[in-house]
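> please work out how this folds:
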Amino acid sequence: LERAVVCFTGALSRVRREMVAEVNRCGGSVSSTVTGSTNFLVCGAGAHGTSKHNKAIAGGVPIVDEEWLFEQFKLASRSAAGGAGKAGAAGKSKKAGASNNKKKAAVAVAEKKKKKKKSNNKDAEGSNSLADKIFCLCGRFEGGRGAVRELLQEHGCVVAPGISPSTHYLVIGDGAESTATFKVAQELGIAVVDKEWIDETLRAQ
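Take a look at the predicted model:
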């Protein structure tokens, strides 16, 4: 967040002034509106469809969630303390039930779109490379986002901090379906996949 300009929209899980103070502590600044100099729009609950949200989409400003921002706060704290730990929160157990079903449904839709664009030849599909593709992460992942990010980067993928029109894939974890980032992906027609799809596609290569 060093020298980054951040803007908030929606209902945040923490008091806004505390979030502003944390951004400032990390070397960034907070603007009250989305402008050409804004680097990230942090979306809380109910952010979808707000004027800031729409302006960020129109201007190509990366849209991130609170989970990503909290991760940056932790990284800054570790750096200040001289720690070299990996980014991301500790592993959390996966949620079951309706959320899982929604995620599978979203992935199924993305998979259908992907198959339409590819040949029916399985070998051709397996040789397709994810290298240089732009990914965005959303939701909670077992082992933390850092592990997913490292896996993608090891295979030549680009992991962006927020979603934008240039994003190729949105990788969703638990709770992603209720976020503004997920809704933006649907609006922009960005393919929605999960960690299992990533693992299978990389193995096929």
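> how far out from the middle of the chain is stretch 164-173?
Distance of stretch 164-173 from its chain centroid, counting by C-alpha atoms, centre = their mean, to the nearest Å, is 7 Å.
> and if you look at stretch 164-183?
Centroid displacement of stretch 164-183 relative to its chain, using C-alpha atoms, centre = their mean, is 6 Å.
> quote the end-to-end distance of it.
One end of stretch 164-183 to the other measures 12 Å (C-alpha to C-alpha, to the nearest Å).
> ok, now how distant is residue 73 from residue 12?
Using C-beta to C-beta, to the nearest Å, residue 73 is found at 13 Å from residue 12. C-beta: built from backbone N, CA, C; applies to glycine.
> residue 76 now?
The value you get for residue 76 to residue 12, if C-beta to C-beta is used, is 18 Å.
> helices of the chain, start to end?
Using DSSP state H, the helices of the chain run over 16-25, 51-59, 66-80, 98-117, 122-126, 145-154, 180-188, 195-204.
> least confident of those helices, on average?
Lowest mean pLDDT within these: helix 122-126, a mean of 40.
> buried set for stretch 143-151?
144, 145, 146, 147, 148, 149, 151 (16 or more other C-beta atoms under 10 Å).
> and what of stretch 189-205?
Buried-residue list, stretch 189-205, by 16+ other C-beta under 10 Å: 190, 191, 192, 193, 194, 195, 197, 198, 201.
> distance from that stretch to the middle of the chain?
Put simply, stretch 189-205 sits 15 Å off its chain's centre (C-alpha atoms, centre = their mean).
> export only the CA atoms of it, formatted as CSV.
Presented in CSV, the C-alpha positions along stretch 189-205 are these (Å, rounded to 0.1, in the frame of the first residue of the first chain):
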residue,chain,number,x,y,z
GLY,A,189,-18.2,-11.7,-18.2
ILE,A,190,-15.0,-12.8,-16.5
ALA,A,191,-14.6,-16.5,-16.1
VAL,A,192,-15.2,-17.7,-12.5
VAL,A,193,-13.2,-20.7,-11.4
ASP,A,194,-12.2,-22.4,-8.1
LYS,A,195,-9.0,-23.8,-6.6
GLU,A,196,-10.0,-27.3,-7.8
TRP,A,197,-10.2,-26.1,-11.4
ILE,A,198,-6.8,-24.4,-11.1
ASP,A,199,-5.2,-27.6,-9.8
GLU,A,200,-6.8,-29.7,-12.6
THR,A,201,-5.9,-27.3,-15.3
LEU,A,202,-2.3,-27.0,-14.2
ARG,A,203,-2.0,-30.8,-13.9
ALA,A,204,-3.3,-31.1,-17.5
GLN,A,205,-0.4,-28.9,-18.7
